[in-house]
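A.B. asks: Build the 3D model from these lines:
(one chain, ligands or ions: 1)
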Amino acid sequence: MRIEGSVVLVTGANRGIGRALLTGFLERGAARVYAAVRRPAELERLAAEEPGRVIPLALDLMDPETVTAAAEAAPDVTVLVNNAATHGVGHLLDMDFGLVEQVLSTNVLGTLRVMRAFAPVVEANGGGAVVNVISVGAFGGTPALGGYPASKAALLSMTQAVRQDLAPRGISVHAVFPGPVDTAMMDYVIGHEPTFGDFPRATPDEVARATLDGLQAGEQDIFPDPFALEIQAEWLADPKALAERIAGIT
Ligand SMILES: NC(=O)c1ccc[n+]([C@@H]2O[C@H](COP(=O)([O-])OP(=O)(O)OC[C@H]3O[C@@H](n4cnc5c(N)ncnc54)[C@H](OP(=O)(O)O)[C@@H]3O)[C@@H](O)[C@H]2O)c1
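C.D. replies: Modelled structure (predicted):
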């Protein structure tokens, strides 16, 4: 997959891994990057520093109108990066049900909404790629992380399904499985479940670099940090044992 000259849209590009991906695409010669975020005004300064190359766009995964409007405002996209996601800690059987619904709706249905809106755009531009940022958490249900692991397992399944449907339309679909990464999301998790602080954390830049390396190499499944690579080896060797290990974290 060629990044140079591509036109990319990254959801959640204002911070964390999404911001590092935005920077990485620019460094590798993308023609422009649409930063699809809930508050585009926050990115005006960055857009002014990269005139014509960073275009802030309003997009809320939970607001279908913003997704449709974004697809109309960005008709030249060739690479869609579904990075935005939300989280909420607690145990599924007794936590606030609304929080479980929010995480599943956002990460699963919200991401699907974006894929449905942009697949025809990428196809109309001659094909390209969809990159879904999932998580190693997709390989096992960690009890203390509420609906988050289930949302990522569902996203993995959706990624595999749309990969089949999009291949004949000239669109490759890539799954990215980061381990723990130093972002606000991980700070929140550690704040509620200190056990997660025991794991090594990758930097967003490291994850972005490895993701773009994997994309350029045409890898379908990208494990972008040392912890993720360890998980990949366990997944290939014994998926049941891995699921049990992940479930046993808390
Ligand atoms: N950090 C980790 O350890 C880790 C590990 C594995 C996978 N991941 C995955 O990596 C991706 C990025 O996570 P991160 O760690 O960079 O998290 P983060 O710093 O918390 O950033 C999350 C991003 O998603 C956006 N977002 C949340 N809900 C949204 C919605 N309804 N509509 C549009 N945007 C929304 C946020 O926007 P606002 O600023 O508007 O809230 C923010 O830009 C996620 O898919 C996450 O699941 C993270």
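
A.B. asks: so residue 28 touches residue 5, yeah?
C.D. replies: No. The criterion here is CB atoms under 8 Å, and residue 28 misses it with residue 5 at 10.2 Å. C-beta: built from backbone N, CA, C; applies to glycine.

A.B. asks: In terms of packing, which of the two has more residues around it?
C.D. replies: residue 28 (17 against 10; other CB atoms under 10 Å).

A.B. asks: Now do that one, the pLDDT please.
C.D. replies: Looking at residue 28, its pLDDT is 98.

A.B. asks: again, but for residue 156
C.D. replies: For residue 156, the model assigns a pLDDT of 98.

A.B. asks: quick one: which helix or strand includes it?
C.D. replies: Following DSSP states H and E, one finds residue 156 within helix 148-166.

A.B. asks: Give me the buried stretch members for that helix, please.
C.D. replies: Residues 148-156, 158-159, 162-163, 166 are the ones in helix 148-166 that count as buried (16 or more other CB atoms under 10 Å).

A.B. asks: Could you find the residue in the protein that comes nearest to the ligand?
C.D. replies: residue 16 (2.2 Å; CB to the nearest ligand atom).

A.B. asks: all helices for this protein, in order.
C.D. replies: Secondary structure of the chain (DSSP state H): helices at 16-27, 44-49, 64-73, 97-104, 111-124, 148-166, 184-192, 204-216, 226-237, 239-247.

A.B. asks: Could you single out the most deeply buried of the ones you listed?
C.D. replies: Of the helices of the chain, the one with the most neighbours on average (mean count of other CB atoms under 10 Å) is helix 16-27, at a mean of 23.

A.B. asks: Restrict that helix to CA atoms and write it as CSV.
C.D. replies: Backbone C-alpha positions of helix 16-27 (Å, rounded to 0.1, in the frame of the first residue of the first chain) are rendered in CSV as follows:
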residue,chain,number,x,y,z
GLY,A,16,-3.4,10.0,21.5
ILE,A,17,-2.7,7.4,18.8
GLY,A,18,-4.9,9.2,16.3
ARG,A,19,-2.8,12.4,16.5
ALA,A,20,0.4,10.3,16.1
LEU,A,21,-1.1,8.6,13.0
LEU,A,22,-2.0,12.0,11.5
THR,A,23,1.6,13.2,11.9
GLY,A,24,3.0,9.9,10.6
PHE,A,25,0.9,10.1,7.4
LEU,A,26,2.1,13.6,6.8
GLU,A,27,5.7,12.6,7.3
